[in-house]
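Q: Below: sequence and its predicted model.
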Amino acid sequence: VGYCVVRRYDYLFRAGNNNEPAEAFPLGICEGDCDDDTDCLGNLVCFQRSGYTVVPNCDGEGWRGADYCTCDGPCETSSPTLPVPTMAPAPPTLNPSQPPSTSPTKSPTSAPTKSPTTSPLLPPSDYYKYETDSTVCGETGVNNVQGPAPLADKSNVVVQFWAFGDSPYDGKCDDCNTCILEDGVTQQADCTRYDCLTYETLADDNTCTFEGKEYNCWNETIIPYMNSRIDQGDGAFSLHAGDILKGVPTISSSPRCNPYALASRRDLFSAIPNFLIVPGDNDWTECADYDINLNTDPARELWRNTFAQTSPFEQFNTDFPGGARPIISRKNGNPEMFYFEYDNVAFFGLNRANGLSYVSNNAPVDLNEEWVEDVLSNVTCGLESIVLLSHASLKPTLYEKLNAYFSTCEKTLPTLTITGNIHPVTYCMTKSNERIDVTVEPFRSGPLLVSIVRDPDGVYGDFIHVEDSDPSESNLCPNFE
């Protein structure tokens, strides 16, 4: 059953955009999306913002990146005498049940409450849905889709997590030549033992750690920002979509996959609670001596021991907000692939590097598909959504394994796939039926905060909302002020 409600006049409301619908313009107080002051009623002004910047005199978060009309300075009154939408009068009843009251009703409060509401002011059918967002995919130039935002008290949030990838990419630059001496500890700043700038002549047993501008940005700016948000309850864990080193043009030829470089990345990301990563081609198939006909070699075992089994990231190390800490399962023989569940959401970490690989092309069966099929064969039909993490786009046949599960359960679940690899200058988010695809930004771009939002009434299911911590179209180190 739907109900009509009166919106609080000071709560952000996206009434329209680009003068559509025409009847919504000019916009009233705390209404958007405006482009300039001419879109606003009377003396109201269009407050330009990025992300979820607080709009003066207004409550709520509104739509990310949308601009809203407000007063030029403090509003002169706290009561709702500013422009508000009028409501059509209800038709009179034919047979009133009792005579009208002879005394007036009590006076209303002088102003609405300022505390956030715990439920959306829109009817659920209008709130819990995907819409076209104001952000644009840096790869295609097409507007992203966006799901419903978390409520202020996060009562509709199942879980939040950070997503990023393709970083730090330091490799061939003047300030990437930090080396380690033979004792394995002492750093040799001038790098006279190895020329870490020229990979073509760099020995496979080099000690270069490739800690340059991108590494320093993550160490000094991005990770401290993420941890400050995590301390505030934003993000239970972090997912890296692969490629922690700069790559090389050909398979099996990169000398950058050495123990010192991987240990450098391990120690860097150990500062983030509950960090998980999947392989990318730069640190997997392109590593020296990679054999596409085998499931293992020294470089792959080094990666697995550094980032999967027997590593700081084998299991979560901190409780999620609320106290739970899911158990991570890892595939036997391929521990770089992982699985865990949280509040009826299934999370898969998969090994899909860009290009040909043993896992996806030369194994007797596709090992990603085998992993998904094996896991879901032991999962009941209680899931509400699925998240897949992969470096490159997954093969269509993997989604057929999901469809088989959906068929068994007689319910198609929302499925989010997070990838990296293509390096868009701003993130991309598309939707096709129940499948949502998000591509993260590379290099020094700020991470995405992904929220799985669930209708508390259980009618509309799970949705994906993305907050870009660094919305500027730049791969420079972000300024989070």
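A: Perfect, thanks for sending it. Numbering: from 1, shown residues only.
Q: all strands for the stretch 301-450 of the chain, in order.
A: Under the criterion DSSP state E, counting those that start in this stretch, the stretch 301-450 of the chain contains strands at 329-331, 334-342, 345-349, 385-389, 415-419, 428-432, 435-439, 448-454.
Q: Among these, which comes closest to E20?
A: strand 428-432 (21.6 Å; CB to CB). All C-beta spots, glycine's among them, are computed from the backbone N, C-alpha and C.
Q: between that closest one and strand 415-419, what angle do the directions make?
A: Per axes from the mean of the first three to the mean of the last three CA atoms, to 10 degrees, the angle that strand 428-432 makes with strand 415-419 is 150 degrees.
Q: tell me which strands and helices strand 428-432 is in contact with?
A: strand 143-146, strand 435-439 (3 or more CB pairs under 8 Å, 6 or more residues apart in numbering; DSSP states H and E).
Q: Save those strands as CSV, and put in distance to P478 and mean pLDDT too.
A: Shown next, in CSV, are the helices and strands packed on strand 428-432 (distance: least, CB to CB, whole Å; pLDDT from 0 to 100):
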stretch, distance to P478, mean pLDDT
strand 143-146, 19, 98
strand 435-439, 18, 98
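Q: now those strands as a markdown table including mean neighbour count and distance to N378?
A: Output for the helices and strands packed on strand 428-432, formatted as a markdown table (neighbours: other CB atoms under 10 Å; distance: least, CB to CB, whole Å):
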| stretch | mean neighbour count | distance to N378 |
| --- | --- | --- |
| strand 143-146 | 20 | 32 |
| strand 435-439 | 21 | 23 |
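Q: With distance to P326 as extra columns, can I get those strands in TSV?
A: As requested, these are arranged in TSV below (distance: least, CB to CB, whole Å):
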stretch	distance to P326
strand 143-146	27
strand 435-439	21
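Q: What helices and strands are in contact with the helix ranked longest in the chain?
A: Looking across the chain with DSSP state H, the single longest helix is helix 396-409. For helix 396-409, the elements it packs on are helix 367-376, judged by 3+ CB pairs under 8 Å, 6+ apart.
Q: I am assuming R265 contacts D243, so please confirm or correct that.
A: No - the criterion here is CB atoms under 8 Å, and R265 misses it with D243 at 10.5 Å.
Q: Just list whatever residues bridge to the closest residue to T430 other than its chain neighbours.
A: Leaving aside its sequence neighbours, T430 sits nearest to D437 (CB to CB, 6 or more residues apart in numbering; 5.0 Å). In this entry, D437 is beta-bridged to T417, T430, by DSSP bridges.
Q: my read: D437 touches T417, true?
A: Yes - between D437 and T417 there is a contact under CB under 8 Å: 5.0 Å.
Q: related to what we said a few turns ago, nearest to Y9, out of the helices and strands packed on strand 428-432?
A: Of all the helices and strands packed on strand 428-432, strand 143-146 comes closest under CB to CB, at 24.7 Å.
Q: re earlier: report the contact partners of the residue nearest to T430.
A: 416-417, 419, 428-431 (CB atoms under 8 Å, 6 or more residues apart in numbering).
Q: Which two among those are spaced furthest apart?
A: T419 and K431 (14.9 Å).
Q: so where's the chain uncertain?
A: 1-7, 51, 64, 77-121, 172-175, 181-182, 184, 188-193, 474 (pLDDT under 70).
Q: and the helix or strand hosting V159, what other elements does it pack with?
A: Per DSSP states H and E: V159 is located in strand 157-164. Contacts defined by 3+ CB pairs under 8 Å, 6+ apart place strand 157-164 against strand 237-240, strand 448-454.
Q: Residues contacting the helix or strand just after the last one from elsewhere in the structure, which ones?
A: Next helix or strand after strand 448-454 toward the C-terminus (DSSP H and E): strand 462-468. Contacting residues not belonging to strand 462-468 are listed as 51-52, 64, 128-130, 135, 144, 146-150, 158, 345, 384-385, 413-414, 416, 426-427, 429, 436, 438, 446, 448-455 [CB under 8 Å, 6+ apart].
Q: my guess is A299 meets T285, correct?
A: No - look at A299 against T285 with CB under 8 Å: they stay out of range, at 9.6 Å.
Q: Quick one: end-to-end distance for stretch 322-330.
A: Criterion CA to CA, to the nearest Å; first-to-last residue distance in stretch 322-330 is 25 Å.
Q: For stretch 373-387, what is the distance to the chain centroid?
A: Centroid displacement of stretch 373-387 relative to its chain, using CA atoms, centre = their mean, to the nearest Å, is 22 Å.
Q: contact partners of it?
A: For stretch 373-387, contacts defined as CB under 8 Å, 6+ apart pick out 158, 329, 339, 341, 343-348, 401-402, 404-405, 408-411, 413-418, 452, 454, 461-462.
Q: List buried residues within the residues you listed.
A: In terms of neighbour count (16 or more other CB atoms under 10 Å), the buried residues within the contacts of stretch 373-387 are 158, 339, 341, 343, 345-348, 401-402, 405, 413-418, 452, 454, 462.
Q: follow-up on the earlier one: how about the helices and strands packed on strand 428-432, which one is nearest L389?
A: Counting by CB to CB, L389 lies closest to strand 435-439 out of the helices and strands packed on strand 428-432; the figure is 10.2 Å.
Q: Distance check, the residue nearest to T430 against V379.
A: With distances taken as CB to CB, to the nearest Å, D437 is found 22 Å from V379.
Q: sec struct for A203, please.
A: Secondary structure, DSSP: H, G, I helix; E, B strand; the rest coil: A203 is coil.
Q: Number of residues surrounding it?
A: Neighbour count for A203, taken as other CB atoms under 10 Å: 13.
Q: distance of it from Y260?
A: Taking CB to CB, one finds A203 at 13 Å from Y260.
Q: Then L268?
A: For L268, the distance to Y260 equals 13 Å [CB to CB].
Q: Also E220?
A: 20 Å.
Q: Give me the more crowded residue out of these two.
A: Between E220 and Y260, Y260 has the larger neighbour count (other CB under 10 Å), namely 16 against 10.
Q: and the more buried one, what helix or strand is that in?
A: Y260 is part of helix 259-269, with elements assigned from DSSP H and E.
Q: other SSEs contacting that helix?
A: The elements that helix 259-269 packs onto, with contact taken as 3+ CB pairs under 8 Å, 6+ apart, are helix 298-307.
Q: could I get the helix it packs on in PDB with only the CA atoms?
A: Once non-C-alpha atoms are left out, helix 298-307 reads as follows in PDB (Å, rounded to 0.1, in the frame of the first residue of the first chain):
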ATOM      1  CA  PRO A 298      57.700 -19.300  -7.900                       C
ATOM      2  CA  ALA A 299      56.100 -15.900  -8.800                       C
ATOM      3  CA  ARG A 300      52.600 -17.100  -8.200                       C
ATOM      4  CA  GLU A 301      53.500 -18.900  -5.000                       C
ATOM      5  CA  LEU A 302      55.200 -15.700  -3.900                       C
ATOM      6  CA  TRP A 303      51.900 -13.700  -4.600                       C
ATOM      7  CA  ARG A 304      49.800 -16.300  -2.800                       C
ATOM      8  CA  ASN A 305      52.000 -16.300   0.300                       C
ATOM      9  CA  THR A 306      52.200 -12.500   0.300                       C
ATOM     10  CA  PHE A 307      48.500 -11.700  -0.200                       C
END
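Q: quick check: angle from that helix to helix 259-269?
A: Between helix 298-307 and helix 259-269, the angle comes out at 20 degrees (the same axes, to 10 degrees).
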